[in-house]
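K.L.:
next comes the sequence, and after it the predicted model I'd like to discuss.
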Amino acid sequence: MNKYIPGERCFYGYKLNTNENIFSSSKNCFFLLKIISKNFNKFKFYPNSENLHLIKIISKIYNLNENNIFISNGSDEGLFFLFLLFKNFKIKIPKKSYPFYKIYSNFFKIYTKEVNYKNILKYKHIIFPNPNSPSGDFYKNKILLKKIKKKNFIIIDEAYSEFYNLGFKKKIKKKNNLIIVNTLSKAFSIAGIRIGFIFSNNKIINKIKYLKQCFNSYTIDIISNSIAIECLKDINFLFYNIQKINYLKILFNFIFKKNQKGNFICLKKKIDFYIFFKKKNFFFRFFLKNILRITISKYKIFLLILINLKKWS
């Protein structure tokens with residue numbers, strides 16, 4: 001059975017091999033001790049199973065009905081529930097994409113067909129990230145909107161959508177089968193607390209809630225819930241960080257002659273390029289034989305990459 005292999009952990013050098021946001025989370029989280037003290041008397045109780053306060057904040061930010069929102073322990077758990085929910089369908093997943101799609105398919109023994117990312121909208125019952133990881137490919141709004149109007153379910157993994165646009169959450173309707181998966185791990189810089197979302201119509205959300213209750217009613221703890229709320233309330237800080245990342249992304253795209261929309265650049269480079277930079281303490285993510293992913297970094301690190309790139313060439 002396939003298993004997920006995370007990026008190499010390193011405690012020195014420049015860690016650019018996982019897609020965590022290089023910038024810090026909201027300054028509101030500096031009041032963590034105050035958050036803990038406020039919730040201290042709640043620790044003896046189980047957390048709220050429905051995450052009602054957090055859902056209210058999300059519904060206001062994204063202008064969605066509260067019945068259209070499901071909170072999960074990271075987006076990976078949300079994907080787990082979705083693959084379980086649609087295990088009787090023939091699902092199409094993209095080649096060279098997020099490995100958990102294939103892992104969950106194998107786990108649930110789901111028949112899946114791997115297709116090229118650029119052709120996936122030709123099929124029905126599909127799941128794909130937009131923008132894609134690790135390739136950085138993406139679909140423009142007009143092309144996706146035509147597909148959303150179809151009756152067959154379409155699951156869009158929007159883990160990196162904030163770095164491109166705000167995604168398609170507003171296109172959730174009562175009668176369409178659009179399902180959006182999102183996370184606070186990337187743009188909001190709080191990968192460590194594991195908060196993910198699913199947005200869809202009320203019928204699908206209720207089915208996912210039922211599945212959750214069969215596994216674990218209390219997937220989000222009190223502290224994680226409180227930190228997520230503080231970060232979501234500070235939405236302006238999110239946009240401030242995204243502007244900085246997008247500026248640096250323009251520089252990376254220019255240097256490597258790409259047009260990618262996540263918080264990373266995907267390159268076709270051989271192992272010697274990877275080893276050269278690893279010796280210089282730059283840790284990139286190496287996929288397959290020649291696909292390399294570099295997380296967007298701070299400007300000083302960008303300059304160091306540029307200097308070493310000249311040495312390598």
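P.N.:
Structure's in. What do you need?
K.L.:
in which helix or strand does the closest residue to Asn21 other than its chain neighbours reside?
P.N.:
Of all residues not flanking Asn21 in the chain, Ser189 sits nearest, at 4.0 Å (C-beta to C-beta, 6 or more residues apart in numbering). For the C-beta atoms, the positions are set from N, CA and C on the backbone; glycine is no exception. Using DSSP states H and E, Ser189 maps to neither a helix nor a strand.
K.L.:
just to check, Ser189 is in contact with Phe23?
P.N.:
Yes - counting by C-beta atoms under 8 Å, Phe23 is a contact partner of Ser189 at 6.0 Å.
K.L.:
who's more crowded, these two?
P.N.:
Just comparing Ser189 and Phe23: by other C-beta atoms under 10 Å the higher neighbour count belongs to Ser189, 20 against 17.
K.L.:
distance-wise, check that one relative to Asp234.
P.N.:
To Asp234, Ser189 is 11 Å away according to C-beta to C-beta, to the nearest Å.
K.L.:
name the residues of stretch 82-89 that are buried.
P.N.:
By 16 or more other C-beta atoms under 10 Å, the buried positions in stretch 82-89 come out as Leu82, Phe83, Leu84, Leu85, Phe86.
K.L.:
same question, stretch 293-308
P.N.:
Going by 16+ other C-beta under 10 Å, stretch 293-308 has these buried residues: Arg293, Ile294, Thr295, Ile296, Ser297, Ile301, Phe302, Leu304, Ile305.
K.L.:
for the last one, which non-adjacent residue is spatially closest?
P.N.:
In other words, Ile305. That would be Phe282: by C-beta to C-beta, 6+ apart, it lies 6.7 Å from Ile305.
K.L.:
which ones are touching that neighbour?
P.N.:
For Phe282, the contacting residues are Gly13, Tyr14, Leu16, Leu304, Ile305, Asn308, by C-beta atoms under 8 Å, 6 or more residues apart in numbering.
K.L.:
how near is it to Lys212?
P.N.:
Distance from Phe282 to Lys212, by C-beta to C-beta: 40 Å.
K.L.:
any chance of the buried residues of stretch 82-89 in JSON lines, plus distance to Ser72?
P.N.:
Below are those laid out as JSON lines (distance: C-beta to C-beta, whole Å):
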{"residue": "Leu82", "distance to Ser72": "10"}
{"residue": "Phe83", "distance to Ser72": "13"}
{"residue": "Leu84", "distance to Ser72": "12"}
{"residue": "Leu85", "distance to Ser72": "13"}
{"residue": "Phe86", "distance to Ser72": "16"}
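K.L.:
can you count the residues close to the residue nearest to Asn73 when sequence neighbours are not counted?
P.N.:
Nearest residue to Asn73, sequence neighbours excluded (C-beta to C-beta, 6+ apart): Thr219, at 4.2 Å. If you count neighbours by other C-beta under 10 Å, Thr219 ends up with 19.
K.L.:
now do the contacts for Thr219.
P.N.:
Here Thr219 is in contact with Ile71, Ser72, Asn73, Glu77, Lys212 (C-beta under 8 Å, 6+ apart).
K.L.:
all helices of this structure, in order?
P.N.:
Using DSSP state H, the helices found in the chain span residues 32-38, 52-62, 74-85, 100-108, 141-148, 202-215, 222-233, 235-256, 271-279, 299-312.
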